[in-house]
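Engineer: Task: produce atomic coordinates for the following.
(one chain, ligands or ions: 2)
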Amino acid sequence: MSDPFLRRRLRKARRQLNRREQQDHARAVASRFVRCGFGHAARRIALYIPTGGELDPWPLVERLHRNRRWYLPVLRGHAPGRLWFVRHRPGEPLRPNRYGIPEPARRNRQILPTHGLDLVLVPLVGFDHDCHRIGMGAGFYDRSLAFLSSRRYWQRPRLVGLAHECQRVDRIEPKPWDVPLDAVITEASVYRRR
Ligand SMILES: Nc1nc2c(c(=O)[nH]1)N(C=O)[C@@H](CNc1ccc(C(=O)N[C@@H](CCC(=O)O)C(=O)O)cc1)CN2
Ligand SMILES: Nc1ncnc2c1ncn2[C@@H]1O[C@H](COP(=O)(O)OP(=O)(O)OP(=O)(O)O)[C@@H](O)[C@H]1O
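Structural biologist: Residues are numbered from 1 along each chain as shown. Ligands and ions are numbered 1, 2, ... in the order given. Have a look, this model is predicted:
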């Protein structure tokens with residue numbers, strides 16, 4: 001997706017939701033997620049620290065039972081353009097990355113590439129009915145998930161986008177490198193890839 005105007009409009013809509021709406025949507029998404037059983041078998045789950053009005057995934061952590069490991073994306077200098085995922089426990093130190101988004105400050109232990117995860121909760125700027133996604137425009141998730149289109153890995157994480165309904169657009173023309181999500185959950189609905 002390369003339309004900067006659409007991206008800007010969607011980012012603005014996301015940012016303009018008030019605190020109450022943010023909280024209501026985050027809770028509703030967490031309930032749908034649990035009800036659909038998406039996290040049922042997943043043990044290693046990536047989520048994100050929300051920024052700029054992104055849907056807050058943290059109510060999910062409280063809703064799911066203990067024996068799960070949570071991971072946050074980190075940008076690494078020696079793997080430009082790709083995300084790695086570092087295990088995070090509540091209370092562990094975070095520090096802002098180059099975009100100001102907090103990420104785990106200690107990354108020596110428990111770092112995984114994307115294919116080591118069972119489930120990736122993916123932040124997004126826009127999405128459509130077919131679970132195509134518009135991201136921040138740097139291609140981080142697309143690059144990190146590109147292995148999914150090769151068959152080298154028998155084990156693959158499920159990809160679930162979390163969003164506000166106001167981020168849905170009629171149709172996103174996918175680029176060759178865009179990796180479709182398995183589902184997108186909003187406060188109003190669950191969209192599954194057809
Ligand atoms: N919460 C969250 N964490 C995430 C992502 C995300 O989309 N959301 N990412 C998903 O990829 C990665 C970070 N990617 C990002 C890509 C661009 C910008 C950004 O704000 N770009 C600015 C200008 C960039 C600059 O300051 O140089 C912009 O577009 O206005 C932020 C994060 C990893 N962590
Ligand atoms: N698998 C890939 N290999 C190499 N380059 C890629 C790959 N995926 C995406 N890119 C590059 O990343 C750039 C941004 O892609 P795009 O506009 O689709 O990002 P996005 O999906 O909106 O962002 P993000 O994934 O960071 O949230 C593109 O110019 C593209 O060339």
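Engineer: can we go C-alpha only for contacts and neighbour counts from here?
Structural biologist: Fine.
Engineer: what about stretch 84-102 and ligand 2, touching?
Structural biologist: No. Against ligand 2, stretch 84-102 shows no contacts by Cα under 6 Å from any ligand atom, the least distance being 12.0 Å.
Engineer: what stretches of the chain score poorly on pLDDT?
Structural biologist: Applying pLDDT under 70 to the chain flags residues 1-2, 108, 151-154.
Engineer: Just give me the neighbour total for Pro104.
Structural biologist: By the criterion of other Cα atoms under 10 Å, Pro104 has 20 neighbours.
Engineer: Quick one: residues contacting it.
Structural biologist: Contacts for Pro104 (Cα atoms under 8 Å, 6 or more residues apart in numbering) come out as 72, 74, 86, 88, 92-95.
Engineer: if we go to 6 Å?
Structural biologist: Leu94 (Cα atoms under 6 Å, 6 or more residues apart in numbering).
Engineer: Please apply the same query to Glu187.
Structural biologist: 25, 28-29.
Engineer: most neighbours, which of the residues you listed?
Structural biologist: Val29 (27 neighbours).
Engineer: so it, which of the three states?
Structural biologist: helix (DSSP: H, G, I helix; E, B strand; the rest coil).
Engineer: Show me the beta-bridge partners of the most centrally placed residue in the chain.
Structural biologist: A centroid search over the chain (Cα atoms, centre = their mean) returns Val122, at 1.3 Å, as the residue closest to the centre. Under DSSP bridges, the beta-bridge partners of Val122 are Gly161.
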